[in-house]
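Novice: A structural model of the following input is requested.
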Amino acid sequence: MPKDVSETGATGVQEWSEGRSAPDLSVPSADRVSCTTCYMCACRCGIKVHIKDGRIRYIEGNRDHPVNKGVLCAKGSAGLMNHYSPARLRKPLKRTGPRGSGQYEEIEWEEALSTATAWLGAIRNSDPRKLAFFTGRDQSQALTGWWASQFGTPNYAAHGGFCSVNMAAAGLYTVGGSFWEFGEADWEHTRYFLMFGVAEDHDSNPIKIGLGKLKTRGDAKFVSVNPVRTGYSAIADEWIGIRPGTDGLLILALIQELLRAGKIDEEYLGRYTNAAWLVVQAPGAADDGLFARDEAGQPMVFDEILNAVAPPHRPDAKPSLAGKVTLPDGRSAVPAFHLVAQRCLDPQYAPDAVAAETGIEAGVIRRIAAELAHAAFEQTVTIEQPWTDWTGRQHDRMVGRPVAMHAMRGISAHSNGFHTCRAIHVLQMILGAVDTPGAFRYKPPFPRPIPPGIKPAGRADQVQPGKPMPGPPLGFPTSPQDLLLDPDGTPRRLDKAYSWEAPIAAHGLMHQVIHNAWAGDPYPIDTLFMFMANMSWNSSMNTAGTIKMLTDKDPATGEYKIPRIIYSDAYASEMVAYADLILPDTTYLERWDCISLLDRPICDAEGAADSIRQPVVLPDRDVRPFQDVLIEIGARLGLPALVKEDGSPRYPGGYADYLVHHERKPGVGMLAGFRGTAGDKQGIGEINERQLDAYVANGCFWRTEVPAGARYFKHANREYLEWATGLGLIDKAEPIVLQFYSEVLQRFRLAAQGHGDVRPPEEHRERIATYFDPLPLWYMPFEEASVDRDAFPMHAVTQRPMAMYHSWGSQNAWLRQIHGDNALYMNRTTATRLGIADGDWVSVTSHHGRIKVRARLMEGVNPHTVWTWNAIGKRAGAWNLAPGAGESQQGFLLNHVISELLPPREGQARYFNADPVTGQAAWYDLRVRIERIGAGEGVSEPQFPALPLPPHLPRRPRRLRRGGDVSAGGR
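Specialist: Okay, the predicted model is just below:
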C-alpha cells in the first residue's frame, strides 16, 4: 500500500459536559491519516480518514480536494459506521434452501469463483446473451461495461435507467452535456438561479457550497421549482410548489412569454445552435422535417447578408431565424427556430392556460419570465478575457447572460421527463445561457459531440459464442438503423433497450430486467448477475411482485424461472436472500477504486479532474473487492483482454493493476493524471508504474486547469476544443452545435410514418410518431392519463434526504438517529379537508396496490401532493437490524404501490411505466387516494416475513460506537 498522509492530534478543553471529564486531547487522535474518496453518495468528496490501532476513528473532509474543499455532510462523516456495520457480509455464501429462506452455507473463495466461472463459461460458449449483468450504484461502470463487452453480452446496464437517463439523454442529444453532476451554475456570476426538481441528497456538497456563494453575494435570486419545500427549496428566495409532472408546461409558458416580449438572444441562437438551420417542409415525404443540406452534406441557412441560402459557418454570416425559404431545388423550408416558436406560441402553453394544471398562478408565471429576461438582458455579465470561436472570429471579451438552471430527478422520473428536460435546454438557448458567464457551465469531459459517436453493440452479427462484442453495450442511436433488433423486430436485449419500446435507452432499463427475465420476454436467460442493486426492495417497482418473480418456478420443470442469480454486496441487504451465490464485497474504505474521466469524474467547470480510492484499512473478514473478483472471473473465463497470449491473467494484481496498465486506446487509460514513465504527462501518455503512488501523495486526486481563454463557450471555443482534444476528452477539435431542433428524433418519427428500411411494427407506430417529436412538447404523464383522476386525486413522490443515500445509508447507526423511520407528508389544508390529523394512520391506494402508513402534516408541499423519504423503510430482518426496528415497523416504501407496467388499456400494448423515448422509470407519475384509517397495531403495511440473517453475521450490538461495538441485544 502506498505511504499514507499522517497528522497528529491537538490539545483542548478540560471539561466537556457536566459531571464528565473531558478526553485528554494531548494524546494523538490517530496513528495515521489517510486520504481517499467518499462513497456515501454521488458527490465523491475527498476525505481524510483518521486511523488508530488499526481502526478507523474519524472521517473529515479534505480541504485540498476540488469537489468539497473540506466540506463534509452527515453521510460522509458517518461513513465509518457503514464500515463497521454489523450487516457486513463475512464470507462467500451458497444457497442451500429455497430462495428467500435465508438458508446458506459459507464456502471458500475458490469454490465461489469456480462455481461462477462454470456457470458463466457455459453461457459464453453457447449464447452470451443468456447472461444478464446489471449493476446498481456502481461507480466503476467504465470497468463493468467493458467487462460485459469482453464477455460478449449486450445485456448490461447500471442504475441510470431508473435514476436519471432522461437528464443524461435529453442533455446529450440537445446541448452535448447534462445537468446531473456533469454541469454546474456559474456561482460567481449568475444573477438568477432557477432549479427544477432537485432533492438535497444529490451533488449536495458542491450545490451547498454554490448556494452559499449566492447567499453571501446577496445580489442573485434563487428560485426553486419543486412540489416539496425541503432542503434547497427551504432556503430559496422563492419556492414554486408545482404539481408533479407539469414542469414542462411551466417551461413552455415561460418560453412563450419570452417570445412574445422579444426577449431572445438572436446572435447566440444563430452562431452556436441549429436554430437557423433550414428544415424541409414536405408532409408525407421521406425528407420532411430533416435539415436541408448541400452536396457536401452541410446544413443550410438563409444568410441575410448574402440574401441567399448558404452554409452557416461564415464568420460574418447573419442567418435568419424565421420565414419561409424556397430551396434551390424548389423544396420549401423554414428555420428550426420558426418551428419551435410556432409550437411554443400555441395558446395551450399560455400562462392562463397552464395555471390550473401546474398549480401556479398565471401572474406568477409572467413575473418569473420577466425576471429571467431582466437578468439575462439587463444584467449582462462581461469578463475581460479575449477568446476565439471555432470560425476564427475574434472576441475582445466574454459576454454572458447570467441566468443559470439546474434540474434533476424531479424532472427525470416522469414519463414526460425527456421532453421536459429538452424544453429546459431550449429555454437556456433562447436566453443565450449555455456555458456563458453567469449561466449553466459544462464540466469536462463535456461538451461532447451531439450525440456522442458511440453506438450500442448487440446486433446478431455482433454477438457470437466465445467472442467479445466489437463495441460497448450502451451507446447513442442516431436513427432506427442503430436499434438492436432481430429482423422480425424482436428486441435483442433482455431489458428491451434500443428497441421500439425504448429507442434511446442510453442507460438501459434495469428496472425491467427481473420482470423480463421472469417472463422470458423477449427470451429466457440462464444467469442474472447483479452488483449492489437492491432489486428485491427499494430499487424495484412492484416490490411484492418482484419478490414473487425472483422465487417463481416453472410448473412444468420445478425449476426457478430465473435459473441462477449471482449477487455481490457488502451488506446483508434484502436482495441477498434471493441469490444463489453471494460474493461478499468490501466497504469503500477497504479497496482501490477509480472515479474516471471515462465514467463519472469529479471535474468542475474550470478544471478536469479524477480521483481514486485507496484501501485505508485491510478487511477483517473473508471478503474481496467486487472489481478484483470481476477481473479474476474474466481471467478464468479467458476473456481476451483479461489474459495474456499464454492464457495467464493480464492483471494479476487485480483492479489496482488494471487501473495502471489498462488502456482504452494508446496513451488513454482509466486515470488521466501523472501519466508517462516519469509521471509528468496528463490526459494522454505512457503507462506510469507508480501512478497510484502519485495519486496517493496528491491526496488521491488529480486536477488540471482549463486555460483562462477556454472557460466559457466551450462548445464553440477554439482554445477549449483544442485543449480538450489534447487531453483526450474529445477526438477532434470541431465545433459542437447545440441542437435547438432534434433531427435525430425526426428520423424516428419518419420511420413511424412509413419511411426508411427499419420501421416500427404497427402496434408501436403511433407511439413513436407522437413522442419522437423534434420540438419540445408536454403531455400528461402516462399513469395519470390512464387512471380515473377523481378516484386517485393525489400525486405521490419520494425524495432522498440529505442525510441518507439509498439502502446503505439507512442502516447506519448514526444516520438512523436522524431518519429512523419515515412518514407520509401532506399539506395541512388538504389533510384537514380529508379529516386527517397529524400522526393519524392512513391508507395510500393506487391502481396497483395499497399501503398503510402514518401521516404527518406540513405547509411546504403542493396541496395535491403527498411525499416521503425514499429507502428509509426496511424489510424486517434485513441489514442486521432488530426485528422491531422503526425502519421496518413504521417505515415504508411507496414502491409497494408503484407498478412496473402501465394500467392495461383495451386494444393497446401494455408498456413499461416509463418514458417512451429513453425508458426512464416513471417513479413520480404515481397517483393515489388517501383515507384515514385506524391505527390497528400501529405498524405500517404491508409487512413481509422477517428475513433470516446470513450465517455468522455478528450478534447485532445494543449500541454501536465509533471504532467498535459494545454489549449486544438492543435496538
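
Novice: might you report the residue contacts of the residue most central in space within the chain?
Specialist: For the chain, residue 164 is the residue whose C-alpha lies nearest the centre (Cα atoms, centre = their mean; 4.1 Å). Taking Cβ atoms under 8 Å, 6 or more residues apart in numbering as the contact definition, residue 164 lies against 180, 408-409, 412-413, 920. (C-beta placed from N, C-alpha, C; glycine too.)

Novice: most neighbours among these, please name it.
Specialist: Ranked by neighbour count (other Cβ atoms under 10 Å), the contacts of residue 164 have residue 920 at the top, with 35 neighbours.

Novice: sorry, back to before: keep only those of the contacts of residue 164 that are in helices.
Specialist: Per DSSP state H, helices hold the following members of the contacts of residue 164: 409, 412.

Novice: mind putting the contacts of residue 164 into TSV with pLDDT and distance to residue 284?
Specialist: Compiled in TSV, those are given as follows (pLDDT from 0 to 100; distance: Cβ to Cβ, whole Å):
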residue	pLDDT	distance to residue 284
180	81	39
408	92	40
409	89	40
412	94	35
413	95	37
920	96	32
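
Novice: any chance of a markdown table for the contacts of residue 164, columns distance to residue 559?
Specialist: Shown next, in a markdown table, are the contacts of residue 164 (distance: Cβ to Cβ, whole Å):
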| residue | distance to residue 559 |
| --- | --- |
| 180 | 41 |
| 408 | 42 |
| 409 | 38 |
| 412 | 38 |
| 413 | 36 |
| 920 | 33 |
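
Novice: helices or strands next to the helix or strand hosting residue 170 in the packing?
Specialist: Using DSSP states H and E, residue 170 maps to helix 165-172. Secondary-structure packing of helix 165-172 (3 or more Cβ pairs under 8 Å, 6 or more residues apart in numbering; DSSP states H and E): helix 409-412, helix 417-431.

Novice: out of those helices, which gets the lowest mean score?
Specialist: Lowest mean pLDDT within the helices and strands packed on helix 165-172: helix 409-412, at a mean of 92.

Novice: quick one: low-confidence ranges for the protein?
Specialist: Residue ranges of the chain with pLDDT under 70: 1-20, 960-971.

Novice: those helices in the stretch 401-550 of the chain, which residues are they?
Specialist: Listed in chain order, the helices of the stretch 401-550 of the chain (DSSP state H, counting those that start in this stretch) span 409-412, 417-431, 513-519, 543-551.

Novice: again with the stretch 251-400 of the chain
Specialist: 266-272, 336-344, 351-358, 362-378.

Novice: dump the ones you listed into a markdown table; add distance to residue 458 and mean neighbour count as well.
Specialist: Converted to a markdown table, the helices of the stretch 251-400 of the chain look like this (distance: least, Cβ to Cβ, whole Å; neighbours: other Cβ atoms under 10 Å):
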| stretch | distance to residue 458 | mean neighbour count |
| --- | --- | --- |
| helix 266-272 | 35 | 21 |
| helix 336-344 | 32 | 22 |
| helix 351-358 | 40 | 18 |
| helix 362-378 | 43 | 18 |
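
Novice: of those helices, which approaches residue 939 most closely?
Specialist: Among the helices of the stretch 251-400 of the chain, the nearest to residue 939 by Cβ to Cβ is helix 351-358 (37.5 Å).

Novice: so which elements touch that closest one?
Specialist: Applying 3+ Cβ pairs under 8 Å, 6+ apart, one finds that helix 351-358 contacts helix 247-261, helix 362-378.

Novice: circling back: okay, the helices of the stretch 251-400 of the chain in CSV with distance to residue 472 next?
Specialist: Shown next, in CSV, are the helices of the stretch 251-400 of the chain (distance: least, Cβ to Cβ, whole Å):
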stretch, distance to residue 472
helix 266-272, 30
helix 336-344, 31
helix 351-358, 39
helix 362-378, 39
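
Novice: can you tell which of these is closest to residue 543?
Specialist: helix 351-358 (30.7 Å).

Novice: if we can go back for a sec, what's the angle from the helix holding residue 170 to helix 417-431?
Specialist: Counting by axes from the mean of the first three to the mean of the last three Cα atoms, to 10 degrees, helix 165-172 lies at 30 degrees to helix 417-431.

Novice: hmm, who's touching helix 165-172?
Specialist: For helix 165-172, the external contacting residues (Cβ under 8 Å, 6+ apart) are 160, 177-180, 182-183, 407-409, 411-414, 417-422, 425, 448, 450-452, 476, 504-507, 915, 917-920.

Novice: can I have the buried ones of these as a PyMOL selection?
Specialist: Buried residues within these, by 16 or more other Cβ atoms under 10 Å, are selected in PyMOL with:
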select buried, resi 160+177+178+179+180+182+183+407+408+409+411+412+413+414+417+418+419+420+421+422+425+448+450+451+476+504+505+506+507+915+917+918+919+920
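
Novice: residue 719: what secondary structure?
Specialist: Per DSSP: H, G, I helix; E, B strand; the rest coil, the secondary structure class of residue 719 is helix.

Novice: and the closest residue to it other than its chain neighbours, how many residues sit next to it?
Specialist: Nearest non-adjacent residue to residue 719, counting by Cβ to Cβ, 6 or more residues apart in numbering: residue 710, 4.2 Å away. Counted by other Cβ under 10 Å, the residues lying close to residue 710 total 21.

Novice: how near is residue 710 to residue 483?
Specialist: Using Cβ to Cβ, to the nearest Å, residue 710 is found at 37 Å from residue 483.

Novice: same thing with residue 335?
Specialist: 30 Å.

Novice: likewise for residue 803?
Specialist: 42 Å.

Novice: about what we covered before: what would the helices of the stretch 401-550 of the chain look like in TSV with distance to residue 955?
Specialist: Output for the helices of the stretch 401-550 of the chain, formatted as TSV (distance: least, Cβ to Cβ, whole Å):
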stretch	distance to residue 955
helix 409-412	38
helix 417-431	45
helix 513-519	33
helix 543-551	27
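
Novice: show me what contacts residue 522?
Specialist: Contacts of residue 522 by Cβ under 8 Å, 6+ apart are 490-491, 494, 496, 516.

Novice: can I get the residues you listed in a markdown table with distance to residue 226 and neighbour count?
Specialist: As requested, those are exported to a markdown table (distance: Cβ to Cβ, whole Å; neighbours: other Cβ atoms under 10 Å):
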| residue | distance to residue 226 | neighbour count |
| --- | --- | --- |
| 490 | 41 | 13 |
| 491 | 35 | 22 |
| 494 | 35 | 30 |
| 496 | 32 | 23 |
| 516 | 33 | 24 |
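
Novice: reformat these as TSV; add distance to residue 149.
Specialist: Formatted as TSV, the contacts of residue 522 follow (distance: Cβ to Cβ, whole Å):
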residue	distance to residue 149
490	22
491	19
494	16
496	19
516	21
